[in-house]
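Novice: coords please:
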Amino acid sequence: MIDHGRAGSARTLPASGLLLLAALSTFPVFADASAPIQTLPVEAIRAGMEGTARTVFQGDRLEDFRVEILGVIENSIGPGQDLILARLHGEKVEYTGVVAGMSGSPVYIDGKLIGALSYRIGNFAKEPIAGITPIADMLRLGASIGSRPDAGTAATGERESAAAYAPGPDLLARFLAADGGRGSVPHGSLSPVHGSDAAAAGEGTPAGAFPSFQPIGVPLVCSGCDTAVLGYYAPIFRAHGLEPGPGGGIDENAVPGALVPGSAIGGALVTGSLSLIGVGTLTHVDGNRVYAFGHPMLGVGTLDMPMIQAHILHTFASDAGSFKIANATRPVGRIVQDGLTAIVGEIGPTPPALPLRVGVTARGGRREFNYDILRHRAWSPVLAALSVANSLTRTTEFDTGATLALRARIDIEGHPPIEYNDLYAGTNPGQAVHLGLANEVGGLFGLISNNRFEDPRVRSATIEVEALPEGRVATLTALYASRPEVRPGETLKIRATLRLFRGEERVVVFEVVVPEDLPAGDVEILVGGGTAMDSVDRRMQERMLAQASGLGDILSLIDRRRRNDALYLRIARRSPAAIVRSELLPDLPLSIFSVYNSPRISSDTTLLNESPILEMDRLLDVVVPGGRRITVRVR
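Specialist: All right, here's what the predicted structure looks like:
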């Protein structure tokens, strides 16, 4: 039987464990797996039984407290997924109640492991009542990993998953769509979102909802993070059970200790100039595999996240929900599964992160920030946006009224690099300019990482931002054509009058040569900034994105995106058009239009009633948020 003593007690490693430690001397010691662990099945659990649970309240010292079994709730967290209900006893737990960060604390009856503390009832419970995930359900999740074709490849850093190729929820885009006007989808993101996805985007439980069992919160300890930036993105994390709070970053000098049941463990979402680390408790060690939490962390299934140990600085008691404040050690392995009943990790090499470098230039000079963010199709965009926004606020010259010039470069293996330049000003009163820029960068990552064709190997991402002190915004106040009628082949002058913010007027003139083959009739001339033009073309952009045939098509759409710091002129007329495999076919003859309108045609076709004739642009040094229309007759 495994010795479940406190940290520091003697342990004997099997030969395989000694070999692993000799090869990986920087990794922590883990428990003896030479004998199978003794467990007590949920069928043997009865009300009135007493046992002990183990966790860390401060430092690295394991502490026991008493557990009284109240009964078993069948199918509580899912079909066939029972929950053991227990009351916690002891001076500390009766003072703090169920603590965020306690998830995974092992529970023993007569020395046999029955499961992990994992659930609580609401946030304001007066009694320390907790749910326990049966250990058999946690071990079953680990067994499913061993049956996968890619099992065991994590040790060599070659883990791949079919899940990485499947499209997942774009958490950032959904959050922005449901954000009450603070941030509609960034105009360059091309991300299709729907307001009905608000719940998945980060809206919490409605006020007044009935109390129910919910996973014990996972403290998301944050170091180097601006509180306002973290508060802005907090709904996304809270919707997944992560509770942002104070804490330290990774202590590079800390030596990882013994990984034993009850010790603090977690996963790193971001490290570097900013740290975001979810902390819980280790339940069971089996060789180089560990089980923790007793519930999901992000709820994404297959995962490849750096696994860390934590040093608990303090357990903070609160009527609104007690939580642990922690520092972290260097990564000691990887979390490979994030399922309903546990997170499963493997001690050994750590997974590759997505390197993100952000440089910010302002009046006081230039500062550089370096981040390693989690590689995941749904979470990388959120973490990239948060990291960029945080970089902009971490400069002493930060000014929400500034204009920001962006230069971005993302290098993807097997594809040309993406280069993205634009200008951002505070044109949305509900969203500060730094958040608008950061969400644009996050939307760019979302298009790349959440594509349905391949797992993009992002080698590096570099974001350069220059803060310009003046507000570079202009309003389009008037739009005129040199004459109301024009013949094919003639030149038409379009004059757009801009009023600079607290400044003078500026006139931009477009000279348009009317195409020789343009039929007689009215044409519409639309002039506006990139945001206004994308608003008009939202459906067209969504269909082009949906009909892309590969990541290359998506990167091409990104390369053709409109900019904030340009003025666009487009001439269009009412005429059949089609989008075929992300390419626009304007001004189709009715015979061709009828062919595309046939039900036998592939779904890779979208029909439109307006046909763009031509588009021109003029690069400016200001942001133009709106647009205007006029009509001209072709004779």
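Novice: Tell me the confidence at the closest residue in space to Ile554 that isn't next to it in sequence?
Specialist: Among residues not flanking Ile554 along the chain, Ala548 sits closest, at 5.1 Å (CB to CB, 6 or more residues apart in numbering). Bear in mind the C-beta positions are built from the backbone N, C-alpha and C, glycine included. Listed pLDDT for Ala548 reads 86.
Novice: Same question for Thr271.
Specialist: On the pLDDT scale, Thr271 gets 92.
Novice: likewise the one 5 residues further on?
Specialist: Leu276 is assigned a predicted lDDT (pLDDT) of 93.
Novice: ok so it is a strand residue?
Specialist: Yes: applying DSSP: H, G, I helix; E, B strand; the rest coil, one finds Leu276 inside a strand.
Novice: what is the rounded mean pLDDT of stretch 357-369?
Specialist: 91.
Novice: starting at the chain centroid, how far to that stretch?
Specialist: Centre-to-centre, stretch 357-369 and its host chain are 24 Å apart (CA atoms, centre = their mean, to the nearest Å).
Novice: which residues are contacting that stretch?
Specialist: Residues from elsewhere that reach stretch 357-369 (CB atoms under 8 Å, 6 or more residues apart in numbering): 272-274, 370-371, 387-388, 390-392, 394-398, 460-467, 469.
Novice: Looking at these, which are in helices?
Specialist: Secondary structure from DSSP state H places 387-388, 390-392 of those in helices.
Novice: tell me the contacts of Arg375?
Specialist: 304, 351-354, 449, 458.
Novice: Those residues into a markdown table, with extra columns for pLDDT and neighbour count?
Specialist: Below are those laid out as a markdown table (pLDDT from 0 to 100; neighbours: other CB atoms under 10 Å):
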| residue | pLDDT | neighbour count |
| --- | --- | --- |
| Asp304 | 95 | 21 |
| Pro351 | 94 | 21 |
| Pro352 | 93 | 15 |
| Ala353 | 93 | 21 |
| Leu354 | 95 | 23 |
| Ser449 | 89 | 22 |
| Val458 | 92 | 22 |
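Novice: From those residues, pick the one nearest Asn75.
Specialist: Among the contacts of Arg375, Asp304 lies closest to Asn75 (CB to CB), at 31.2 Å.
Novice: Keep only those of the contacts of stretch 357-369 that are in strands.
Specialist: 272, 370-371, 460-467 (DSSP state E).
Novice: In stretch 492-503, which residues are buried?
Specialist: 492, 494, 496-498, 501 (16 or more other CB atoms under 10 Å).
Novice: got it, and stretch 500-519?
Specialist: 501, 508, 510, 512, 514, 518.
Novice: Now intersect these with the strands, please.
Specialist: Among those, the members falling in strands (DSSP E) are 508, 510, 512.
Novice: next one: stretch 90-106 to chain centre, how far?
Specialist: 29 Å.
Novice: Would you mind putting the CA coordinates of that stretch into CSV?
Specialist: C-alpha atoms of stretch 90-106 as CSV (Å, rounded to 0.1, in the frame of the first residue of the first chain):
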residue,chain,number,x,y,z
GLY,A,90,-11.8,21.0,11.4
GLU,A,91,-10.9,24.4,12.7
LYS,A,92,-9.6,25.7,9.4
VAL,A,93,-12.2,24.3,7.0
GLU,A,94,-15.0,25.4,9.3
TYR,A,95,-13.5,28.9,9.3
THR,A,96,-12.8,29.1,5.5
GLY,A,97,-15.5,26.8,4.1
VAL,A,98,-14.7,25.1,0.9
VAL,A,99,-11.7,26.9,-0.6
ALA,A,100,-11.0,27.7,-4.2
GLY,A,101,-7.8,25.8,-4.9
MET,A,102,-8.9,22.8,-2.8
SER,A,103,-10.1,21.0,-5.9
GLY,A,104,-8.4,17.6,-6.0
SER,A,105,-7.7,17.2,-2.3
PRO,A,106,-7.6,13.4,-1.7
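Novice: show me the contacts for Ser391.
Specialist: 273, 358, 360, 367, 369, 463, 465.
Novice: typo on my end, it should be Pro456
Specialist: By CB under 8 Å, 6+ apart, the neighbours of Pro456 are 412-413, 415, 448-449, 551.
Novice: quick one: secondary structure of it?
Specialist: coil.
Novice: give me phi/psi at it?
Specialist: phi -70, psi 130 (degrees, to the nearest 10).
Novice: Give me the residue ranges of the stretch 501-635 of the chain where confidence is low.
Specialist: 575-610 (pLDDT under 70).
Novice: Could I get the phi/psi values of Gly471?
Specialist: Per degrees, to the nearest 10, the backbone of Gly471 is at phi -80, psi 110.
Novice: pretty sure it is touching Val433, no?
Specialist: No: judged on CB atoms under 8 Å, Gly471 makes no contact with Val433 at a distance of 9.2 Å.
Novice: shared neighbours, these two?
Specialist: By CB under 8 Å, 6+ apart, the residues touching both Gly471 and Val433 are 401-403, 425-426.
Novice: now the residues you listed in CSV, with pLDDT, secondary structure and neighbour count?
Specialist: CSV is the format used below for these (pLDDT from 0 to 100; DSSP: H, G, I helix; E, B strand; the rest coil; neighbours: other CB atoms under 10 Å):
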residue, pLDDT, secondary structure, neighbour count
Gly401, 72, coil, 11
Ala402, 80, coil, 25
Thr403, 89, strand, 24
Ala425, 88, coil, 25
Gly426, 75, coil, 20
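Novice: Ile77: which of those is nearest?
Specialist: Looking across the shared contacts of Gly471 and Val433 and measuring by CB to CB, the closest to Ile77 is Gly426, at 45.2 Å.
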